[in-house]
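J.: below is the structure, and that's it, no one-letter string:
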């Protein structure tokens, strides 16, 4: 009951109700598509992460005499490196698009 009152107070206290409700428009799929259009390197980073984890799980059987912990650390570093690289390239692309690719007035 208390949570409902807090939510109702938050919605009534908002100066512009469209701003508050706009974040809840649509389902998760449409939000993901919209975010992917705004920042195309986010889904690339997610796909790379999933691919590296899948490859690591596939290679888990044929790791030879390598310890399990070492194999998992290598996969962790590879997946994390891919995500950090995707975020870095995405930020560079965003900076380029915002500051250098703007048409001069």
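T.: Cool, the structure landed. Keep in mind the model is a prediction, meaning the values are calculated, not measured.

J.: low-scoring stretches of the protein, by residue?
T.: Low-confidence regions of the chain, defined by pLDDT under 70, span residues 1-26, 103-105.

J.: where is the longest helix in it?
T.: When the chain is scanned for its longest helix (criterion: DSSP state H), the result is helix 68-95.

J.: geometric centre of this protein: which residue is closest?
T.: For the chain, residue 42 is the residue whose C-alpha lies nearest the centre (Cα atoms, centre = their mean; 4.8 Å).

J.: relative to the whole chain's centre, how far out is the longest helix of the chain?
T.: 12 Å (Cα atoms, centre = their mean, to the nearest Å).

J.: SS state for the residue of the chain positioned farthest from its centre?
T.: If you look at how far each residue of the chain sits from its centre, by Cα atoms, centre = their mean, the farthest one is residue 65, at 35.0 Å. Three-state call for residue 65 (DSSP: H, G, I helix; E, B strand; the rest coil): coil.

J.: how is the chain carved up into domains?
T.: Structural domains annotated on the chain: 1-35, 39-105, as defined by automatic domain parsing.

J.: which of these sits most buried?
T.: For the domains of the chain, average neighbour numbers computed from mean count of other Cβ atoms under 10 Å are highest in domain 39-105, which has a mean of 12. No exception for glycine: its C-beta is placed from N, CA and C like everyone else's.

J.: before we move on, the earlier item: what helices or strands is the helix or strand where the residue nearest to the centre of the chain lies leaning on?
T.: When elements are defined using DSSP states H and E, residue 42 is found to belong to helix 41-59. If you count contacts as 3 or more Cβ pairs under 8 Å, 6 or more residues apart in numbering; DSSP states H and E, helix 41-59 packs onto helix 28-38, helix 68-95.

J.: now that helix, how far from the centre of its chain.
T.: Averaged C-alpha coordinates place helix 41-59 at 13 Å from its chain's average position (Cα atoms, centre = their mean).
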